[in-house]
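>>> Quick one, fold the following:
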Amino acid sequence: MSEFSGSGTARPTRAVSRLTAGVGIGMIACVVLLFVAPPAGGILFAALWLATAVAGVTYHVRNATSPGGVPHTELSIEGGSGRADLADRLRELEKLHDEGLISDEEYRQKRAQILGEDW
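I've put the predicted structure just below:
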């Protein structure tokens, strides 16, 4: 197995975020209505609860029965090893040297180390 040296992020898919935001907005509306007009708030809460339960069951049934499942997370991976990464690292090293932030000897040592890596 190879080691990954880049960085990445994970976030919910847009569909999951929309569903969660919709439920959150609905819950806020229910709380407000429960104080302003209790019968309407109770009815809205029951409808929202039922819709959320149906959406949850539907999502999980589709996830269990679909060949690849239902996507719930998006991954974004940046960097890593390879020629582009190597070139970027060498450019950054040269920039540090040109700005006087590292000495000539440090520059030569680090450059040799980078060029000696597998790519």
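>>> In the chain, where is pLDDT below threshold?
1-7, 77-84, 118-119 (pLDDT under 70).
>>> Tell me where it has strands.
Assigned by DSSP state E, the strands in the chain fall at 7-12, 73-78.
>>> can the ones you listed go into CSV with extra columns for distance to Leu19?
C-beta: built from backbone N, CA, C; applies to glycine. Below are the strands of the chain laid out as CSV (distance: least, CB to CB, whole Å):
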stretch, distance to Leu19
strand 7-12, 9
strand 73-78, 14
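>>> can you redo those strands as JSON lines with distance to Gly42 and mean neighbour count?
Shown next, in JSON lines, are the strands of the chain (distance: least, CB to CB, whole Å; neighbours: other CB atoms under 10 Å):
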{"stretch": "strand 7-12", "distance to Gly42": "30", "mean neighbour count": "11"}
{"stretch": "strand 73-78", "distance to Gly42": "35", "mean neighbour count": "10"}
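>>> The closest residue to Ala55 other than its chain neighbours: neighbour count?
Residue nearest to Ala55 in three dimensions, not counting chain neighbours: Leu19, with 6.2 Å by CB to CB, 6 or more residues apart in numbering. Residues lying near Leu19 (other CB atoms under 10 Å) number 16.
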